[in-house]
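Student: Structure of the sequence below:
(one chain, ligands or ions: 1)
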Amino acid sequence: MVDILTYYDQHPINEHAVHKSLLREGKSLEHLVPEDLFPYDQDHYGGLDAVDALVRCASIGAGDRVLDVCSGLGGPARYLAHRHGCSVTGIDINRSRALASRRLTRRVGLQNKVSFVCGNATRMPFLNESFTRIVSQEAFLHVGNKVALFSNCHRVLITGGCFVFTDWVASPRLSDRERALLEKGMVAAAIHQESEYLDYLRAAEFSDVEVENLSVWWGKILRERLEMYLEKSEETERLFGVARYREFMDAYEIFVGVIEEGKLGGARFTAFRPA
Ligand SMILES: C[S@@+](CC[C@H](N)C(=O)[O-])C[C@H]1O[C@@H](n2cnc3c(N)ncnc32)[C@H](O)[C@@H]1O
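Tutor: So this is what the prediction gives:
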């Protein structure tokens with residue numbers, strides 16, 4: 001069974017792949033602007049439109065201090081700072097992702113607005129009430145301890161602040177066997193039903209929780225993602241080996257299968273720390 005660090009150390013979306021795509025476009029890595037990275041550095045569904053949806057839900061503006069929990073390669077953090085003017089801190093458990101995030105951010109000159117910390121979202125190294133907004137995309141399925149995750153999010157958010165995240169949600173029809181396969185192949189440590197997420201959020205003392213179902217949108221996107229990963233087969237095999245790429249794709253195909261059967265879907269949750 002692959003662990004969370006290996007899964008993202010050997011993921012088809014990585015710094016090397018970003019560089020390769022840019023060079024293929026004829027770009028010089030020494031003269032990049034943030035827009036050059038955006039087609040390649042977002043590791044969630046729906047690209048920049050999805051980040052803009054978070055901005056609308058949480059009314060993110062230039063004065064905000066935003067925390068991106070499980071920030072990946074830092075694409076959403078850079079976009080938020082560049083397009084919406086806020087300052088952004090990303091936290092990710094994976095050292096190679098946190099370091100790559102910093103390098104990519106320096107390449108496009110956003111290092112004064114965007115910073116990254118390598119750390120676990122269940123033990124965040126931030127002072128209480130450090131952030132005015134918290135965002136996260138397609139990552140909480142990896143975090144087994146939701147009580148610690150949400151109590152950390154609550155603690156580091158100012159009173160009156162908004163927390164918005166998207167993630168996979170299970171239907172009651174997702175079987176234990178399918179859950180086990182997703183855990184083994186994609187490190188999906190804890191996939192919840194919508195009602196369980198609502199319970200976790202309320203138990204962490206978030207209020208005014210709203211949910212938007214994204215299943216239809218994500219269902220369409222997923223096929224495109226599968227195609228994108230197929231196109232990256234040669235490059236990913238060269239970087240991490242044929243066996244690892246095959247293992248990744250086998251798990252991804254199980255994932256696509258349960259989504260197409262309606263056993264797994266997506267949702268966006270918006271909640272507030274009461275004033
Ligand atoms: C699908 S990627 C999403 C990246 C980013 N949110 C984006 O939209 O581009 C999931 C990320 O969650 C990170 N992650 C998983 N478990 C974590 C944890 N407990 N604490 C912090 N980061 C975590 C992984 O290392 C990975 O970079």
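
Student: ok so residue 35 is a helix residue?
Tutor: Yes - assessed with DSSP: H, G, I helix; E, B strand; the rest coil, residue 35 lies in a helix.

Student: Check what pLDDT it gets.
Tutor: Per-residue pLDDT puts residue 35 at 98.

Student: wait, residue 96 sits on residue 7?
Tutor: No - using CB atoms under 8 Å, residue 96 is not in contact with residue 7; the gap is 11.5 Å. Any C-beta I mention is one placed from the backbone N, CA and C, and that applies to glycine too.

Student: where's the closest residue in space to residue 75 that isn't next to it in sequence, which helix or strand?
Tutor: The shortest distance from residue 75 to any non-neighbouring residue, by CB to CB, 6 or more residues apart in numbering, is to residue 41 (3.2 Å). Following DSSP states H and E, there is no helix or strand that holds residue 41.

Student: Give me the distance between residue 41 and residue 254.
Tutor: 26 Å (CB to CB, to the nearest Å).

Student: More neighbours: these two, which one.
Tutor: Between residue 41 and residue 254, counted using other CB atoms under 10 Å, residue 41 has the larger neighbour count: 26 against 16.

Student: quick one, what contacts that one?
Tutor: By CB atoms under 8 Å, 6 or more residues apart in numbering, residue 41 lies in contact with 13, 18, 73-75, 78, 104.

Student: can you check residue 120 too?
Tutor: residue 93.

Student: for the one 4 residues further on, same thing?
Tutor: Shown in contact with residue 124 (CB under 8 Å, 6+ apart): 69, 91, 152, 155-156.

Student: quick one: which of the contacts of residue 41 is nearest to the ligand?
Tutor: residue 75 (4.9 Å; CB to the nearest ligand atom).

Student: What number of residues are in the vicinity of that closest one?
Tutor: So residue 75, with other CB under 10 Å, has 28 neighbours.

Student: For it, give me its contacts.
Tutor: 37-38, 40-43.

Student: pLDDT score assigned to it?
Tutor: 98.

Student: With residue 156 instead?
Tutor: The model's pLDDT for residue 156 equals 98.

Student: Specify the local secondary structure of the closest residue to it other than its chain neighbours.
Tutor: Nearest residue to residue 156, sequence neighbours excluded (CB to CB, 6+ apart): residue 126, at 4.6 Å. Secondary structure state of residue 126, per three-state DSSP, is coil.

Student: give me the number of residues near residue 132?
Tutor: So residue 132, with other CB under 10 Å, has 20 neighbours.

Student: Assumed it was part of a strand.
Tutor: Yes - in this structure, residue 132 lies within a strand as judged by three-state DSSP.

Student: From residue 153, how far out is it?
Tutor: Taking CB to CB, one finds residue 132 at 13 Å from residue 153.

Student: give the contact list for the residue nearest to residue 130 when sequence neighbours are not counted.
Tutor: The shortest distance from residue 130 to any non-neighbouring residue, by CB to CB, 6+ apart, is to residue 156 (5.0 Å). Residue 156 makes contact with 67, 124, 126-131, 134, according to CB under 8 Å, 6+ apart.

Student: Tabulate those residues (JSON lines), appending pLDDT.
Tutor: What follows is these, written out as JSON lines (pLDDT from 0 to 100):
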{"residue": "67", "pLDDT": "99"}
{"residue": "124", "pLDDT": "98"}
{"residue": "126", "pLDDT": "98"}
{"residue": "127", "pLDDT": "98"}
{"residue": "128", "pLDDT": "98"}
{"residue": "129", "pLDDT": "98"}
{"residue": "130", "pLDDT": "98"}
{"residue": "131", "pLDDT": "99"}
{"residue": "134", "pLDDT": "99"}
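
Student: Much appreciated, bye for now.
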